[in-house]
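Participant: Take this sequence and fold it.
(2 chains)
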Amino acid sequence: MSMIVSSIGQGLLWAVLGVALFLTFRILNFPDMTVEGTFPLGAATAVTAISHGLSPLIATFLAFLAGGFAGLITGLLYTKGKIPILLAGILVMTACLSINLRIMGGANISLLGKQTVFSNHFLESLPKYFDSVFIGFIIISIITILLVLFLQTELGQAFIATGDNPVMARSLGINTDNMTIMGLMVSNGLIGMGGAFIAQSNGYADVNMGIGIIVIALASIIIGEVVFGELTLNQRLIAVTLGSILYRFVLLTVLQLGFSTNDLNLLSALILAICLMLPKLSALLGLDHVIQKGGAGNGAK
Amino acid sequence: MAQNDPLLSLKNAVVYVNQNTSSQTAILNQLNLDIFEGDFITVVGPNGAGKSTLFNTIAGSKILGKGQLLHRGRSIAKESIIKRAQFLSRVFQDPKMGTAPRMTVAENLNLAAKRGTQRNLKLRKLKQKRSYFKEIAASMNNGLSNKLDVATESLSGGQRQALSFLMAIIKRPELLLLDEHTAALDPKTSAQLMIQTNKNITEQKLTCLMITHHLDDALKYGNRLLVLGKGQIVLDVRDEQKKSLTKENILELFDKIS
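Facilitator: Below you'll find the predicted structure:
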């Protein structure tokens, strides 16, 4: 029972990353490596701010801004500097490693004895793990609702069109460079915020906590698509959260089998690789009708 | 008809390929063209004559090497594709180019209705616009109006091109560029789209430049015809002169060019 609750709590918190990456990976149609840097950047920013006495909410907001700024840099390198997106992301990610050490003044900071978004009487009165379920649910609900609304505005539609057919978008007067930069800023802002929440949930920030983040975020997207198949855009955003919970559950189950936490990144990579190959495997095994075309995607309602 | 000031003019326009390299060649070579409001111009010419380059230069995806490009007397040679979308729209030859594949027909029309304008955080309000979209989709007579909620990637090529055409005119363009927009379709679908195209252009009095390889279409439609060869205009006829032109005349001209 506690394992299920823990999976849901962790899954909801980590879903922020999946939903954020969805904006770039599925809507803009490219893999953004920046997230490996912005996740610990957000964590470092928030934890440092809290340890300097700022309120946890303001600290989390600062993490959003920091992540958004890193996204801005990646966006400028890609659109104005004409650096390929994969490389632009890697450059900013690498730079973040140094920035994070500068911000924290060391490799890690503990939040022991400090106020976090999790420290209030109501949350502490809940049974174990229920605090992350509660907070996680509120956060991911707000983010998902805001994104669903945004994607249905004229600006949101232009954003979707940019990823779908940039040549057409430009011929309709849509500034695709600006749309791409905006997407990278919001996405990385949310990733930074996710880092802030997870650092507060764990009670510390560490410079190495970004390693493998993109795989975890992708796993929630891909698992959601593989399990739920063809959906509208709004449903797909929700599927990411469910995918994130499922991923946590699989991970915890595997850990129960006797693997250590040191094996986590190997396990994450394996789970994602299997999910990505599922369409191919299922075709091989004649299960084609079971798994829908999750990989091909369906960018809009 | 007021034909004093041209809507768009190219003066001594030169466009290069491989600019600043040893293999630099001019694909538009001192080309002069005045497009007047209400002109429906068909453009023909052998391969490599510079037809597509002419369109790319007007739309902004090719840079003018020398000469001038004026929109109502104002130079727009340095303006981006995005900026020029405020007054011109374009239908590409490839049905895949003109629509967003994963967005629905209604969403695509909605995007195009805001061509060249600032997009903000107002809700798109698709429901309110639906009956209007359905009405204009129905005017294409090809079942498009029953597919408003279908992603355009699952439309037929003919429906996709019809949608691209609607998207190009849903917000009235000052200048419409049709780049062999029926070429990828089967003869029947192609003819049907051409009829709807002509109907819309003449009824709405749109100013249009249409590249085509169908000489019959080039002769049948429009009030003005251009023959391009080696980056220059070798024939420019309008009205009565155009009506007396025959397919043989044009083919003879093609032989002379190449």
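Participant: tell me the contacts of residue A:135?
Facilitator: The contact partners of residue A:135, taken as C-beta atoms under 8 Å, 6 or more residues apart in numbering or on different chains, are A:13, A:117, A:118, A:123, A:197, A:201. Every C-beta, even on glycine, is put in place using the N, C-alpha and C of the backbone.
Participant: just so I have it, where are all the strands in the chain?
Facilitator: As the question left the chain open, I've gone with chain A. A:108-110, A:204-206 (DSSP state E).
Participant: looking at chain B here, not the other one
Facilitator: For chain B, the strands defined by DSSP E cover B:8-17, B:25-35, B:40-44, B:66-71, B:74-75, B:88-91, B:175-179, B:208-211, B:224-229, B:232-238.
Participant: So which bits of the second one are buried?
Facilitator: Right, strand B:25-35. Within strand B:25-35, the residues that qualify as buried are B:26, B:27, B:28, B:29, B:31, B:33, B:35, counting by 16 or more other C-beta atoms under 10 Å in any protein chain shown.
Participant: Just give me the closest of these to chain A.
Facilitator: residue B:35 (18.7 Å; C-beta to the nearest C-beta).
Participant: Quick check: residue A:236 touching residue A:225?
Facilitator: Yes: applying C-beta atoms under 8 Å as the test, residue A:236 and residue A:225 come out as touching, 7.2 Å apart.
Participant: So which of those two has more stuff around it?
Facilitator: Under the neighbour definition other C-beta atoms under 10 Å in any protein chain shown, residue A:236 and residue A:225 were set side by side, and residue A:225 has more, 27 against 24.
Participant: Helices of the stretch 151-258 of chain B, start to end?
Facilitator: Per DSSP state H, counting those that start in this stretch, the stretch 151-258 of chain B carries helices over the ranges B:157-169, B:187-203, B:215-220, B:239-243, B:247-257.
Participant: how about the ones you listed in a markdown table, adding distance to chain A, mean pLDDT and mean neighbour count?
Facilitator: Output for those, formatted as a markdown table (distance: least, C-beta to the nearest C-beta, whole Å; pLDDT from 0 to 100; neighbours: other C-beta atoms under 10 Å in any protein chain shown):
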| stretch | distance to chain A | mean pLDDT | mean neighbour count |
| --- | --- | --- | --- |
| helix B:157-169 | 8 | 95 | 24 |
| helix B:187-203 | 18 | 94 | 16 |
| helix B:215-220 | 23 | 92 | 17 |
| helix B:239-243 | 29 | 88 | 12 |
| helix B:247-257 | 30 | 88 | 13 |
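Participant: quick one: pLDDT of the residue of the stretch 151-258 of chain B found nearest chain A?
Facilitator: Residue of the stretch 151-258 of chain B nearest chain A, by C-beta to the nearest C-beta: residue B:151 (6.9 Å). Residue B:151 is assigned a pLDDT of 94 by the prediction.
Participant: what number of residues lie near it?
Facilitator: So residue B:151, with other C-beta under 10 Å, has 21 neighbours.
Participant: Verify the stated contact: it with residue B:101.
Facilitator: Yes: the criterion here is C-beta under 8 Å, and residue B:151 meets it with residue B:101 at 6.7 Å.
Participant: where does the chain dip in pLDDT?
Facilitator: Assuming you mean chain A. Residue ranges of chain A with pLDDT under 70: A:286-301.
Participant: The intended chain is chain B.
Facilitator: Within chain B, the segments meeting pLDDT under 70 span B:1-3.
Participant: Near chain A, which residues of it are found?
Facilitator: B:59, B:81-83, B:85-86, B:89-90, B:92, B:96-104, B:107, B:110-112, B:114-117, B:119-124, B:151, B:167 (C-beta under 8 Å from any C-beta of the partner chain).
Participant: Could you pick out the buried ones from those residues?
Facilitator: Among those, those buried by neighbour count (16+ other C-beta under 10 Å) are B:59, B:81-82, B:85-86, B:89-90, B:92, B:96-104, B:107, B:110-112, B:114-116, B:119, B:124, B:151, B:167.
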